[in-house]
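1. Here is a sequence with its predicted model. Questions after.
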Amino acid sequence: MSENPPDSGTDGIEEGKRLIRLGGDRGLSLADRIAERFQRLTWRTPIHTMRLRGRHPLKLIAVADDPFMGDVERGKALLEGVVSFRGEERAVTALDFVRPNFSRPFAEYLHSFAWLRDLSTVATRAHAAPVAEAITRRWLAAHGDKVSEPAWRADLWGHRVLFWTAHAPLILSSPDLVYRSTVLHALARGARHLDRAADRVQIGPPRLAAWCGVLVAGLMIPGGDPRRSFGEAGLHRALAASLLIDGGTVGRSPAGQLECVILLSMLCEAYLARRLEPPAFVQAALSKMVTALLGVCHGDKGLASWQGSGPVSGEMISQVIEATGVRTRPLKQAREWGYQRLSAQGTVLIMDAAPPPLARLIEGGCASTLAFELSDGPHRIVVNCGGSRMADNRLPAQLIEGLRTTAAHSTLTVGDSNSTAIHADGTLGRGVAEVELSRQESDASSRVEASHDGYVRRFGLIHRRAISLGTDGKDVRGEDMLLPADRRRKKVGTPFAIRFHLAPGIEIAPTADGQGAFLRLPNGAVWQFRSRGGSLAVEDSVWIDAKGKPVSTEQLVVTAESPAGGTNVTWVFHRAK
């Protein structure tokens, strides 16, 4: 919510303050819920049943292109008869879909058939088809005509429709007519299931996946015109509920944003395969989503690590953007999505300036409010540990949960606690409910100032952070303040720490006075860090890379104690060489 009217003609935030409240305009109002329930009721009417009932010829009208490259390592493993995903492996001959003994992420990878993309990336149809058919036969035997979870979850069926139709040559090349008929019958049943279930999954990537599946089924299965019209209306509603005004997704996850862009791009390919133009609202949504996605990318063009996301490579991001056909600049500020971007002369700073996502909107949300990441050209300097939703399955559960904490992000922690509580069951609890934000642009610098109320309830303190980036890109100046909340003023001192997690490969040389450090980047560039108002130490840290694997690194930690009246710590990163 904004105290001043937004200036739609500029890319920056207007001067003044904006209050970002937990929840926001996310399609979750009482009126929206009632309208959604009414829609579900109307979809079960005899009219809908008549429109979508009937036998479809056992064939596909067309095969769409999958414009994205898969994972080469996973693809090669499949050729050797092994399904591999985030450190977990199963032999194809040992896959048991009836009594599964694999993790949830591994199961979703299998059930979605995303592995078809990995397989097609490394092999010709002649070499890949036998592997694809072997796994598909096992899946059909267990789930082809039996509705069960998670195999028949609507979002997984949506992904499955996209991958089955885009990679049909890999699963439909067999001369076995009975097998081919079984695949196509399962596809038709899955499409009918999606007609009823697409709106029952969570808004965001799951619901978009389900409705994209409905639409692709309508495009690729004969007699699908009624389903296509129905699916376009459903996808329009799903996008309205899942996207914020600035094009970010409600879950606030860059990885989720990337997934949605890929889904819509695959949908557009299905339209093109039928020589049809995608709906205008899909193209408009893609344009906004790409702009927001670029806003959370560093100088290496890869994703920043927010809300469980990992540093997806710049090569992957570039490939996705090219597939969309969208040409745009990064979004400097996402008013609703919550990310602020400062950039100058190759220096990029990205700040989380919003409450965490609602627990119902994303699993594994993080207590990262007011954290930031910093990069200089292709090299990252300050990072978040990140990766809790993309981590290697072999990592201890305690470590994965630790990646979600405030201390795993480059921000201030009070009393060694999280700014938003993380419950034992993994859900987010009380904490940050409001973020007050202001941004100013001048000839000398760009400045963001924001505060949150996550520590008011427990400590009676408000955390305010101000960060500015000079137009020459050489100076990042920051100040962290703890201010007493009027009605909850404490009478005793409160310990706090400000953490700056550093990217791997940075050499640290502390200064003689103990108040600073020189940071040498892999390309030889040197940045100097200075702080005032606390004691500086260098501690071990960890960073989750693009493969979900932990990489050892270090962090700068400034510690102090806040008196009852509050305190402040100033710090600066200066490019010295």
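-> Looks like it came in fine.

2. From the chain's centre, how far out is stretch 200-207? Work that out for me.
-> Offset of stretch 200-207 from its chain centre (Cα atoms, centre = their mean, to the nearest Å): 14 Å.

3. next one: stretch 432-451
-> With Cα atoms, centre = their mean, you get 23 Å for stretch 432-451.

4. Tell me the buried residues in that stretch?
-> 432-439, 441, 445-451 (16 or more other Cβ atoms under 10 Å). Placement of C-beta: from N, CA and C, glycine included.

5. Stretch 143-163 now?
-> Residues of stretch 143-163 classed as buried by neighbour count (16+ other Cβ under 10 Å): 143-144, 151-163.

6. From these, which land in strands?
-> Judged by DSSP state E, strands contain none of the buried residues of stretch 143-163.

7. Among those residues, which ones are in helices?
-> The members of the buried residues of stretch 143-163 that map onto helices under DSSP state H are H143, A154, D155, L156, W157, G158, H159, R160, V161, L162, F163.

8. dump the residue contacts of the last one.
-> By that I understand F163. Counting by Cβ atoms under 8 Å, 6 or more residues apart in numbering, F163 touches D66, S112, F113, A114, L116, R117.

9. Equivalent analysis for the fourth one, please.
-> L156 makes contact with E108, H111, S112, P150, A209, according to Cβ under 8 Å, 6+ apart.

10. Between these, which sits nearest V569?
-> The nearest member of the contacts of L156 to V569, counting by Cβ to Cβ, is E108 at 42.6 Å.

11. Give the burial count for the closest one, as a bare number.
-> 17 (other Cβ atoms under 10 Å).

12. can you list contacts of the helix or strand harbouring it?
-> Using DSSP states H and E, E108 sits in helix 104-112. With contact meaning Cβ under 8 Å, 6+ apart, helix 104-112 is reached by 83, 85-86, 88, 90, 95, 97, 100, 102, 115, 135, 139, 150-151, 153, 156, 159-160, 163, 393.

13. Now do G190, the pLDDT please.
-> Looking at G190, its pLDDT reads 96.

14. Sorry, slip of the keys, the one I care about is R53.
-> Looking at R53, its pLDDT is 48.

15. contacting residues around the closest residue in space to V282 that isn't next to it in sequence?
-> Closest residue in space to V282, ignoring its immediate chain neighbours: L264 at 5.9 Å, by Cβ to Cβ, 6 or more residues apart in numbering. By Cβ under 8 Å, 6+ apart, the contact set of L264 is L208, C212, V282, A285, L286, M289, T324.

16. so G429 touches T420, yeah?
-> Yes: between G429 and T420 there is a contact under Cβ atoms under 8 Å: 7.0 Å.

17. more neighbours, those two?
-> Between G429 and T420, counted using other Cβ under 10 Å, T420 has the larger neighbour count: 25 against 12.

18. dump the residue contacts of V448.
-> Neighbours of V448 in contact, by Cβ under 8 Å, 6+ apart: Q340, L342, M351, A353, L437, S438, R439, A466, I467, S468.

19. Quick check, pLDDT for it.
-> On the pLDDT scale, V448 gets 97.

20. would it count as being in a strand?
-> Yes: counting by DSSP: H, G, I helix; E, B strand; the rest coil, V448 is located in a strand.

21. Next, find the distance separating it from E401.
-> Distance from V448 to E401, counting by Cβ to Cβ, to the nearest Å: 29 Å.

22. Same check on P355?
-> When distance is defined by Cβ to Cβ, P355 is 20 Å away from E401.

23. what do you get for A94?
-> A94 is 30 Å from E401, by Cβ to Cβ.

24. Quick check: S531 is in a strand.
-> Yes: assignment of S531 by three-state DSSP places it within a strand.

25. neighbours around it, how many?
-> For S531, using other Cβ under 10 Å, the count is 22.

26. of A94 and E401, who's got more company?
-> Ranked by neighbour count (other Cβ under 10 Å), A94 and E401 place E401 first, with 15 against 11.

27. Please verify my assumption that the more buried one contacts H423.
-> No: applying Cβ under 8 Å as the test, E401 and H423 come out as separate, 10.4 Å apart.

28. list residues touching both of those two?
-> Here E401 and H423 have no joint contacts, going by Cβ under 8 Å, 6+ apart.

29. Would you mind listing the buried residues in the longest strand seen in the chain?
-> Ordering each strand of the chain by length in residues (DSSP E) puts strand 550-562 first. Across strand 550-562, burial judged by 16+ other Cβ under 10 Å covers P550, T553, E554, Q555, L556, V557, V558, A560, S562.

30. Closest one to V414 out of those, please.
-> S562 (7.8 Å).

31. how about the closest one, what does it touch?
-> Counting by Cβ under 8 Å, 6+ apart, the residues that S562 touches are V414, L461, L482, G493, T494, P495, F496.

32. switch the cut-off to 10 Å
-> By Cβ atoms under 10 Å, 6 or more residues apart in numbering, S562 lies in contact with 414-415, 459, 461, 481-484, 490, 492-496, 568-569.

33. try A166
-> So A166 contacts 63-68, 113, 116-117, 120, 216, 220, 266, 269-270, 273 (Cβ under 10 Å, 6+ apart).

34. what does G299 give?
-> By Cβ under 10 Å, 6+ apart, G299 lies in contact with G314, S343, G346, T347, V348, L374, S375, D376, G377, P378, H379, R380.

35. secondary structure class for it?
-> Classified using three-state DSSP, G299 is coil.

36. Could you check the pLDDT of it?
-> For G299, pLDDT reads 94.

37. For the residue nearest to S287 when sequence neighbours are not counted, grab the count of nearby residues.
-> Closest residue to S287 apart from its sequence neighbours, by Cβ to Cβ, 6+ apart: V326 at 5.2 Å. Neighbour count for V326, taken as other Cβ under 10 Å: 19.

38. From L482, how far out is V326?
-> Taken as Cβ to Cβ, the span from V326 to L482 is 42 Å.

39. Y339 now?
-> Using Cβ to Cβ, we find Y339 at a distance of 24 Å from L482.

40. cool, Q283 as well?
-> Separation of Q283 from L482 (Cβ to Cβ) stands at 47 Å.
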